[in-house]
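Chemist: Fold the following for me, if possible:
(4 chains)
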Number of protein chains: 4
Amino acid sequence: MHAQQMIKTHPHVRGNTNDVLIHCVEACFDCEQACIACSDACLGENMVQQLTQCIRLNLDCADACRAAGSLASRRTGSNELTLRTMLEACALACRTCGDECESHAQQHEHCAVCAEACRDCERLCHEAAQTITPTRQ
Amino acid sequence: MHAQQMIKTHPHVRGNTNDVLIHCVEACFDCEQACIACSDACLGENMVQQLTQCIRLNLDCADACRAAGSLASRRTGSNELTLRTMLEACALACRTCGDECESHAQQHEHCAVCAEACRDCERLCHEAAQTITPTRQ
Amino acid sequence: MHAQQMIKTHPHVRGNTNDVLIHCVEACFDCEQACIACSDACLGENMVQQLTQCIRLNLDCADACRAAGSLASRRTGSNELTLRTMLEACALACRTCGDECESHAQQHEHCAVCAEACRDCERLCHEAAQTITPTRQ
Amino acid sequence: MHAQQMIKTHPHVRGNTNDVLIHCVEACFDCEQACIACSDACLGENMVQQLTQCIRLNLDCADACRAAGSLASRRTGSNELTLRTMLEACALACRTCGDECESHAQQHEHCAVCAEACRDCERLCHEAAQTITPTRQ
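Modeler: Predicted structure coming up:
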């Protein structure tokens, strides 16, 4: 991904990078894709009826990741409190989806892969949220 | 919008509608569009340099509204804690964006209209969040 | 929705509105929501295994509507050829999804409502595409 | 990214991968992020007034990439004609945005990086579109 280069060349960032936040951005877009793909893979399984909760959580998680990854990509002006809150909402969506995927990771390899993407994203959203200090609003 | 009809005909909803949540869904999609349009209208103003914070907040708010509106549209299975948290994150994004738009509503009519969409969405996200009782997770 | 007011107050639009394009924007956001809701309603049906193609088309259509509605909301600068092509891609997604939903509209009321939203959006995307004359690129 | 693993473990894909389409998915999510970041970096430049067309094209391109990357991630059922049309719409959005970014890549390093992401995505969308044979619709 070009995320690191993009953020490091931002006019307000130069020489003052928040590497955790950059890794968090990469994880959000990765997890969004993984969750879209996992929802579709679950939909293609013969036992789809037992996977409806997983599909629901995949789709919610993809939406949360997209929002968090987009907000965390911006550095002009400031919106710290919203960003931190969104990162925490995304971490929660990832935890819930990762737990569900993990619970049937043995039967469905795509759920095992998706659980891994969710875990990475959950951890990085938490870590990134802690680096953000809302100074106003 | 068809939101009300769509949600009322959901197999898990029939006869047990949460009207506040339905209105919240409508407000989220409306506010997403308003914020996309306002960011672009600000970009078209001669004084765009003074409107960069507004554009930033518009884009963040649009992303938050899209995520909240999508999550709030789903009724299969459950993801209550994530939904409530996302509605609260969206309310915060709307408040921040609405405050900014309101501060120059006199000069830019599009900011006045957008502030109104943000206020409606903020209020409905708060009200809808209160109707959601996380029962597990 | 505030779409009409938002676009009419854009600095590059005043007095020169494209009403078909405004109605198309409204239809895109409406259809996006309807398709997200229909995919989830299908997921909640006991016969979900027979509805997987419908869910797939719903999700694709929601993504196309979101992109088309966002592009069509912008008036600063120009991107006509891309906009027209995206409106046509969205019309196709709506037609395909609307056909599928219509084919089981008798059994599932949510599919009947969603088919209606898809038909409206398909028609308005076609009509709006015809009003756009790429002048360069 | 986990995209490759996710798609290779899909129940309808096993042993029959379309590697070009997988690389296209990765490029779409990468380019979406790059365009979101570039629009925000342009917004942070002192000369933002001269970059409004670039911001417009960045935002349109991000929306197109997100839609194309999401559609191309799905393998259950079929929606080939819509997928191919969306990949072509995305390639066009990438070309237009890449041309603009390239035209001021000398002054703004973020535009140089974004142009590269757009070129990769444009090429892969074209290549992937050619691998898709609509068999019905």
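
Chemist: show me the contacts for the residue nearest to residue A:43 when sequence neighbours are not counted.
Modeler: Of all residues not flanking residue A:43 in the chain, residue D:76 sits nearest, at 4.6 Å (CB to CB, 6 or more residues apart in numbering or on different chains). Every C-beta, even on glycine, is put in place using the N, C-alpha and C of the backbone. Counting by CB atoms under 8 Å, 6 or more residues apart in numbering or on different chains, residue D:76 touches A:40-41, A:43-44, C:52-53, C:55-56, D:10, D:12.

Chemist: Over to the residue sitting furthest away from the middle of chain A: give its phi and psi.
Modeler: Residue farthest from the centre of chain A, counting by CA atoms, centre = their mean, is residue A:46 at 28.0 Å. Dihedral angles phi and psi of residue A:46 (degrees, to the nearest 10) take the values phi -60, psi -30.

Chemist: The residue nearest the centre of chain A is in what secondary structure piece?
Modeler: Nearest to the mean C-alpha position of chain A, counting by CA atoms, centre = their mean, stands residue A:28 at 3.2 Å. Element membership of residue A:28, judged by DSSP states H and E, is helix A:19-43.

Chemist: For the helix or strand that that helix is followed by, which helices and strands make contact with it?
Modeler: The helix or strand immediately downstream of helix A:19-43 is helix A:52-72, counting by DSSP H and E. With contacts defined as 3 or more CB pairs under 8 Å, 6 or more residues apart in numbering or on different chains; DSSP states H and E, the packing partners of helix A:52-72 are helix A:19-43, helix A:80-103, helix A:109-130, helix B:52-72, helix B:80-103, helix C:19-43.

Chemist: relative to helix A:109-130, how tilted is helix A:52-72?
Modeler: Angle of helix A:52-72 versus helix A:109-130, following axes from the mean of the first three to the mean of the last three CA atoms, to 10 degrees, is 40 degrees.

Chemist: So for helix A:52-72, mean pLDDT?
Modeler: The average pLDDT within helix A:52-72 is 98.

Chemist: where's it relative to the chain centroid, distance-wise?
Modeler: Offset of helix A:52-72 from its chain centre (CA atoms, centre = their mean, to the nearest Å): 7 Å.

Chemist: for chain B, what are the nearby residues on chain A?
Modeler: A:52-53, A:55-57, A:59-60, A:63-64, A:66-67, A:70-71, A:74, A:76-79, A:81-83, A:85-86, A:88-89, A:92-93, A:96, A:137 (CB under 8 Å from any CB of the partner chain).

Chemist: which of those residues are buried?
Modeler: Restricting those to buried positions leaves A:52-53, A:55-57, A:59-60, A:63-64, A:66-67, A:70-71, A:74, A:76-79, A:81-83, A:85-86, A:88-89, A:92-93, A:96, with burial counted as 16 or more other CB atoms under 10 Å in any protein chain shown.

Chemist: which regions of chain A sit below the pLDDT cut-off?
Modeler: A:14-15, A:135-137 (pLDDT under 70).

Chemist: near chain C, which residues of it?
Modeler: So far as CB under 8 Å from any CB goes, chain A lies against chain C at A:39-40, A:43-44, A:46, A:48-49, A:52, A:55-56, A:59.

Chemist: Between which two of these is the distance greatest?
Modeler: Maximum pairwise distance among those (CB to CB): 20.4 Å, between A:46 and A:59.

Chemist: Next, the contact list for the residue lying closest to residue A:70 once chain neighbours are set aside, please.
Modeler: Nearest non-adjacent residue to residue A:70, counting by CB to CB, 6+ apart: residue B:63, 4.6 Å away. By CB under 8 Å, 6+ apart, the contact list for residue B:63 reads A:66-67, A:70-71, B:93.

Chemist: again, 7 Å this time
Modeler: Residue B:63 makes contact with A:67, A:70-71 under the criterion CB atoms under 7 Å, 6 or more residues apart in numbering or on different chains.

Chemist: And for residue A:98, the neighbour number?
Modeler: For residue A:98, the count of nearby residues is 25 (other CB atoms under 10 Å in any protein chain shown).

Chemist: Need the nearest residue in space to it, chain neighbours excluded.
Modeler: What sits nearest to residue A:98 in space, not counting adjacent residues and going by CB to CB, 6+ apart, is residue A:118, at 3.3 Å.

Chemist: Spit out the contact partners of the one you found.
Modeler: A:31, A:61, A:94, A:97-98, A:101.

Chemist: Would you point out the most distant pair within those residues?
Modeler: Pairwise distances across the contacts of residue A:118 (CB to CB) peak at 11.1 Å, for the pair A:31 and A:101.

Chemist: between those two, which one's more packed in?
Modeler: Higher neighbour count among residue A:31 and residue A:101: residue A:31, with 35 against 28, using other CB under 10 Å.

Chemist: was I right about that one contacting residue A:94?
Modeler: Yes. When contacts are counted by CB atoms under 7 Å, residue A:31 is listed as touching residue A:94 (6.4 Å).

Chemist: which residues are common contacts for those two?
Modeler: Joint contacts of residue A:31 and residue A:94 (CB under 7 Å, 6+ apart) are A:61, A:118, A:121.
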